[in-house]
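**Student:** Take a look and give me a structure for this.
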Amino acid sequence: MRLTVLGGGGFRLPLVYRALLADREEGRVGELVLHDVDAARLSAIARVLADQADGVADAPRVTATTDLDEALRGTDFVFSAIRVGGLEGRATDERVALAEGVLGQETVGAGGIAYGLRTVPVALDLARRVAALAPDAWVINFTNPAGLVTEAMSRLLGDRVIGICDSPVGLGRRVARAVGVAADQVDTAWFDYAGLNHLGWLRGVRIAGRDALPELLADPERLTSFEEGRLFGAELIQSLGAVPNEYLHYYYFNRETVAAYRAAERTRGAFLREQQEGFYGVMARPGTPALTTWDRVRAEREATYMAHNREATGARQERDADDLESGGYEKVALALMRAIARDRRTRLILNVRNRGALPGLDADAVVEVPCFADAHGAHPVPVAPLPDHASALVGAVKAVEREVLAAVDGGSRSRAVMAFALHPLVDSVSVARRLVDSYASAHPTLAYLRR
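**Tutor:** Next up, the predicted model:
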């Protein structure tokens, strides 16, 4: 089986290869094709993968190319993990938003809209090439903003594009641990989770037909024993009656988070830009131990994840060792790929077209809900309606996503302004207009926004 990764020079790619190396079942991936527009990054990551494969019998063969058509022809699966504008673009998105006093995070608020406006046109071009060169391939989308990009690509690829995110998986794993589920039994639990990507709530944890979440909600000590509990606090979670996805912290504690970001020496994007510039720079030197260098940098990256949010709410700065363990998006992606390739019915939380699963949104709206995956793709499971406060927030953010898509379709500056103005975390049409102007000035790729 052949797997193509778009964005194959990305820093997190060795996580995917590690999962591929661990797969010894029949029908596993035999060829991994890495595509990236940056040959130096491709070379660096290929060296890390070579170290990972050292001594592993029958390791998947790795090829690297900057030729998109070559990468796509004859492939069975495509992992889309591109970053349009690189980390410099992310740092710019954060800086422009913070200058206006609003959030610049790469998937939430103004930063997420700017990233979407840059990324969707490229994602649509990629979808067209997949449709032309590998029409039977399945696309598994990692590219952020994952829900928005998946919905854009689905307009060309239909249900053959499926979005994934590791946030619901990590949340479910931590809550399951808090309610006493053994690590090897987590996969047997049913997680009642619903919303959009980076905008969802865990409303139930069913184990052997019993919902264990109410017991957790009644116990403040256990409720604050895991990361989301410390981020949001027991009182808010108890009031919600559900455990929010960590990204909802940007909504529930927006002022505090923006203040923490503005007071910080550097934003998350700037930190990652500097860190990865250092990594790829070191990797350019002959003789650099590739895998050990990558492991060290990755550990630092994971330890500092959402540090500004923890600071904003007074949570301790160090992350638990359990929260640093891998088992995120790469395992979700591999589980989904195996389910499709081997027709193995598998339960996963995925980003798919709604088709009536989540009440209040139309059939084509991409939502993040439990699904069953098999050879025919991912099938969303109908879930109970969200409470009014959550449904209203989901509806508002989905309306923003639709404005982004309309802006891309029509090259429309006015629709881009509406996307910013309608977002709950942008409080002024005047701010929205200035944001569009500032982002267009900073990112030449946004020159298409003319009307």
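**Student:** what are the ranges of the strands in this structure?
**Tutor:** Under the criterion DSSP state E, the chain carries strands at the ranges 2-6, 31-35, 61-65, 77-80, 138-141, 161-163, 190-196, 199-207, 210-211, 243-244, 346-353, 366-374, 377-380.
**Student:** Now the fifth one - C-alpha only, CSV.
**Tutor:** This means strand 138-141. Output of strand 138-141 as CSV, limited to C-alpha atoms (Å, rounded to 0.1, in the frame of the first residue of the first chain):
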residue,chain,number,x,y,z
TRP,A,138,-8.6,8.7,0.3
VAL,A,139,-7.5,12.0,1.7
ILE,A,140,-6.9,12.2,5.5
ASN,A,141,-6.6,15.9,6.3
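**Student:** So which other helices or strands are in contact with that strand?
**Tutor:** Under the contact criterion of 3 or more CB pairs under 8 Å, 6 or more residues apart in numbering; DSSP states H and E, strand 138-141 touches strand 77-80, helix 109-133, helix 146-157, strand 161-163, helix 329-341. C-beta: built from backbone N, CA, C; applies to glycine.
**Student:** same thing with the last one?
**Tutor:** Under the contact criterion of 3+ CB pairs under 8 Å, 6+ apart, the helices and strands touching strand 377-380 comprise strand 346-353, strand 366-374.
**Student:** low pLDDT regions in the stretch 151-300 of the chain?
**Tutor:** Low-confidence segments of the stretch 151-300 of the chain, defined by pLDDT under 70: none present.
**Student:** Return the residues in contact with the spatially most central residue of the chain.
**Tutor:** Among the residues of the chain, the one closest to the centroid is Cys165, at 4.4 Å (CA atoms, centre = their mean). Applying CB atoms under 8 Å, 6 or more residues apart in numbering, one finds that Cys165 lies in contact with 146, 197-198, 329, 332, 351, 368.
**Student:** And it, how far from Tyr247?
**Tutor:** When distance is defined by CB to CB, to the nearest Å, Cys165 is 10 Å away from Tyr247.
**Student:** Counting neighbours, what do you get for Ala183?
**Tutor:** Neighbours of Ala183 under the rule other CB atoms under 10 Å: 11.
**Student:** how much space between the nearest residue to Arg266 once chain neighbours are set aside and Gly281?
**Tutor:** Sequence neighbours aside, Glu274 is the residue nearest to Arg266 in space, at 7.5 Å (criterion: CB to CB, 6 or more residues apart in numbering). Counting by CB to CB, the gap from Glu274 to Gly281 is 10 Å.
**Student:** Now for Tyr329: which residues touch it?
**Tutor:** 12, 15, 142, 164-166, 169.
**Student:** Just those residues: which are in helices?
**Tutor:** Among the contacts of Tyr329, the members falling in helices are 15, 169 (criterion: DSSP state H).
**Student:** Dump the contacts of Tyr329 into a markdown table; add distance to Leu157 as well.
**Tutor:** Rendered in a markdown table, the data for the contacts of Tyr329 read as follows (distance: CB to CB, whole Å):
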| residue | distance to Leu157 |
| --- | --- |
| Arg12 | 23 |
| Leu15 | 25 |
| Phe142 | 15 |
| Ile164 | 15 |
| Cys165 | 18 |
| Asp166 | 22 |
| Val169 | 24 |
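**Student:** Just the buried ones out of the contacts of Tyr329, please.
**Tutor:** Buried members of these, scored by 16 or more other CB atoms under 10 Å, are 12, 15, 142, 164-166, 169.
**Student:** check contacts around Ala39.
**Tutor:** Applying CB under 8 Å, 6+ apart, the residues near Ala39 are Thr66.
**Student:** same check, this time on Val149
**Tutor:** Applying CB under 8 Å, 6+ apart as the definition, the contact partners of Val149 turn out to be 80, 116, 119-120, 123, 141, 143, 163.
**Student:** Mind telling me the two of the residues you listed farthest from one another?
**Tutor:** When CB to CB is used, the two most widely separated members of the contacts of Val149 are Ser80 and Gly116, lying 14.4 Å apart.
**Student:** Ala260: neighbouring residues, count only.
**Tutor:** 17.
**Student:** that older thread, quick check on the contacts of Val149: which are buried?
**Tutor:** When neighbours are counted using 16+ other CB under 10 Å, the contacts of Val149 contain these buried positions: 80, 116, 119-120, 123, 141, 143, 163.
**Student:** any chance of the residues you listed in TSV, plus distance to Ala363?
**Tutor:** What follows is these, written out as TSV (distance: CB to CB, whole Å):
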residue	distance to Ala363
Ser80	23
Gly116	21
Thr119	24
Val120	20
Ala123	21
Asn141	19
Thr143	23
Gly163	16
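**Student:** Among those residues, find me the one that's closest to Arg433.
**Tutor:** Using CB to CB, Gly116 is the member of the buried ones among the contacts of Val149 that lies nearest Arg433, at 17.7 Å.
**Student:** pretty sure that closest one is touching Pro145, no?
**Tutor:** Yes - taking CB atoms under 8 Å as the definition, Gly116 is a contact partner of Pro145 at 5.2 Å.
**Student:** which residues are common contacts for the two?
**Tutor:** Where contact means CB under 8 Å, 6+ apart, the residues bridging Gly116 and Pro145 through contact with each are Glu401.
**Student:** show me the contacts for Gly180.
**Tutor:** For Gly180, the residues meeting the contact criterion (CB under 8 Å, 6+ apart) are Ala212.
**Student:** what's it sitting at in phi/psi?
**Tutor:** Dihedral angles phi and psi of Gly180 (degrees, to the nearest 10) take the values phi 90, psi 10.
**Student:** What's the separation between it and Tyr17?
**Tutor:** With the distance defined as CB to CB, Gly180 ends up 34 Å from Tyr17.
**Student:** swap in Cys371?
**Tutor:** The gap separating Cys371 from Tyr17 is 25 Å, by CB to CB.
**Student:** Tell me how many other residues crowd the closest residue to Met283 other than its chain neighbours.
**Tutor:** The shortest distance from Met283 to any residue other than its chain neighbours is 3.8 Å, reached at Ala44 (CB to CB, 6+ apart). As a burial measure, the neighbour count of Ala44 was computed by other CB under 10 Å and equals 23.
**Student:** before we move on, what about Ala442?
**Tutor:** Counted with other CB under 10 Å, the burial measure for Ala442 works out to 16 neighbours.
**Student:** How about it: what's its closest non-neighbour residue?
**Tutor:** Leaving out its chain neighbours, Ala442 is closest to Thr92 (CB to CB, 6+ apart), at 5.0 Å.
**Student:** what's near enough to touch that neighbour?
**Tutor:** Counting by CB under 8 Å, 6+ apart, Thr92 has contacts 85, 269, 442-443.
**Student:** Can I have the buried ones of those as a ChimeraX selection?
**Tutor:** Listed next is the ChimeraX selection for buried residues among the contacts of Thr92, using 16+ other CB under 10 Å:
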select :85,269,442,443
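**Student:** Right, I'll call it a day here.
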